[in-house]
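> Predicted model and sequence follow; I will ask about them next.
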Amino acid sequence: MKTRIAPRLSRGATALLAATLALGLAACGSDDDKKEGASAAVAECPWEADESVTAKARIAWQAIPNADVVVKDLGLLEACLPNAEITWVQASSGGQVIEWYGGDQVDLGLMGSSPAARSASSPTVDDVDIQTIWVHDVIGDAESLIVKDEAIEEVADLEGRTIGVPFASTAHYSLLQAISEAGLDATKDVKVINLEPDNMPAAWQGDEIDGVWVWDPVQSQLLSDGGTRILSSKDTAEKGWPTFDVGTVTTAFATENPEFLATWAQAQDHAVRLIKDDPATAAESVGVVLGIDPGEAEKQFAGLVFLTAEEQAGPDYLGGKLASDLFTAAGFLLEQGEIEKVSPKADYVSRVNAEPASSVANG
């Protein structure tokens with residue numbers, strides 16, 4: 001979340017991916033893993049647990065300071081669905097989540113709105129059939145363009161520079177939009193390279209890049225290392241290009257497991273309200289999972305906007321406008337050569353499913 005159009009995995013690559021991920025899933029699903037690093041705040045299900053659900057759910061999560069991390073740390077799904085088999089596997093980006101979907105290795109996963117738009121635009125390329133069922137957060141200052149050289153004061157100064165970003169991510173989308181707005185060509189005037197967040201600090205220290213567009217914790221790390229924020233996703237959103245972190249699920253899993261998704265959405269909503277009403281407690285969970293000080297985790301909340309189930313089910317998000325935002329994002333990705341086609345708008349509408357959020361909002 002790596003080429004511009006992700007290629008189909010070969011059978012050998014798919015097998016390797018399956019074997020590698022299977023090991024990770026086995027580790028993530030062990031009892032030891034559930035105990036290791038768990039917050040002391042883990043409690044019983046805040047509402048009546050549903051013992052009838054026996055689904056097997058493989059969930060891809062990312063190291064982003066939002067409610068999904070709180071749900072994971074508090075063990076809400078495990079407590080509220082005691083007879084379900086739940087495993088968690090960490091992804092580095094939305095592009096990786098799409099790859100795992102394509103290899104039938106995960107059932108639910110967090111990704112940015114850009115990968116979600118991309119998967120709806122070229123399903124024959126990504127080979128995934130997924131729905132967007134939740135908005136984990138609206139991205140603001142949590143994703144930013146960080147540069148090393150003080151001579152770079154605005155995006156126009158990126159001409160001739162090398163900028164790292166995870167391809168097919170929301171950060172990539174925001175970077176391309178910003179470059180275009182500045183009157184530059186992302187393929188000719190700026191060298192934009194595919195770089196995962198974990199590899200950015202080394203490339204930064206080795207003077208291999210002039211800047212990155214990235215999220216926390218790498219964003220904060222590079223700012224502390226002398227970097228300067230030039231622009232953020234909040235700025236690009238204000239110009240009409242919003243980005244989100246969204247919860248996705250395979251259509252097959254959604255069709256077969258509506259009760260699981262209803263509880264999943266209830267757990268997410270509970271964690272969102274914890275962030276809003278008691279951010280210090282929520283930050284303890286984020287700090288445990290991400291390995292950062294809870295005070296820093298609480299500061300990072302400010303770079304994101306969190307939505308309750310009622311807000312999500314409404315017309316501005318899952319209930320209407322989100323599909324239009326995905327369609328608009330796809331149009332920009334097409335202009336930049338990131339996808340081969342834009343599907344009919346109805347395809348984006350059909351891939352947004354407000355039912356889990358609505359079940360909580362109306363419950």
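Received it, and whenever you're ready, just let me know what you need.
> For residue 313, give me its contacts.
319, 354, 357-358, 360-362 (C-beta atoms under 8 Å, 6 or more residues apart in numbering). The way it works is simple: take the backbone N, C-alpha and C, and place the C-beta from them, glycine included.
> Can you check the pLDDT for residue 21?
Residue 21 carries a pLDDT value of 37.
> returning to that earlier point: max pairwise distance over the contacts of residue 313: which two?
319 and 360 (13.1 Å; C-beta to C-beta).
> Could you check which of those two has the larger neighbour count?
residue 360 (21 against 17; other C-beta atoms under 10 Å).
> For the more buried one, grab phi and psi.
phi -80, psi -40 (degrees, to the nearest 10).
> Look up how far residue 45 lies from it.
15 Å (C-beta to C-beta, to the nearest Å).
> now residue 273
Relative to residue 45, and taking C-beta to C-beta, residue 273 is found at 15 Å.
> Show me which of those two is the more surrounded one.
residue 45 (19 against 15).
> Tell me the pLDDT of that one.
96.
> ditto for the one 3 residues further on
The predicted local confidence for residue 48 comes out at a pLDDT of 96.
> for residue 95, same thing?
87.
> Please, which helix or strand holds it?
Assigned by DSSP states H and E, residue 95 falls within helix 94-102.
> Now the helix or strand that comes right after that helix: average pLDDT?
For helix 94-102, the following helix or strand on the C-terminal side (DSSP H and E) is strand 108-112. Strand 108-112 carries an average pLDDT of 96.
> other SSEs contacting strand 108-112?
strand 56-61, helix 94-102, helix 170-181, strand 244-250 (3 or more C-beta pairs under 8 Å, 6 or more residues apart in numbering; DSSP states H and E).
> could you redo the last one with a cut-off of 6 Å?
Contacts defined by 3 or more C-beta pairs under 6 Å, 6 or more residues apart in numbering; DSSP states H and E place strand 108-112 against strand 56-61, helix 94-102, strand 244-250.
> after the last one, next one along is what?
Sequence-wise, the next helix or strand beyond strand 244-250 is helix 251-256, with elements assigned using DSSP H and E.
> gap between that following helix and the chain center?
Offset of helix 251-256 from its chain centre (C-alpha atoms, centre = their mean, to the nearest Å): 20 Å.
> Give the buried residues for that helix.
Residues of helix 251-256 classed as buried: 253-254 (neighbour count, 16 or more other C-beta atoms under 10 Å).
> Can I get that helix in CSV, CA atoms only?
What follows is helix 251-256 as a C-alpha-only set of coordinates in CSV (Å, rounded to 0.1, in the frame of the first residue of the first chain):
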residue,chain,number,x,y,z
THR,A,251,-18.0,-10.2,-0.8
ALA,A,252,-18.0,-13.9,0.0
PHE,A,253,-17.3,-13.4,3.7
ALA,A,254,-19.8,-10.6,3.9
THR,A,255,-22.5,-12.7,2.3
GLU,A,256,-21.9,-15.7,4.6
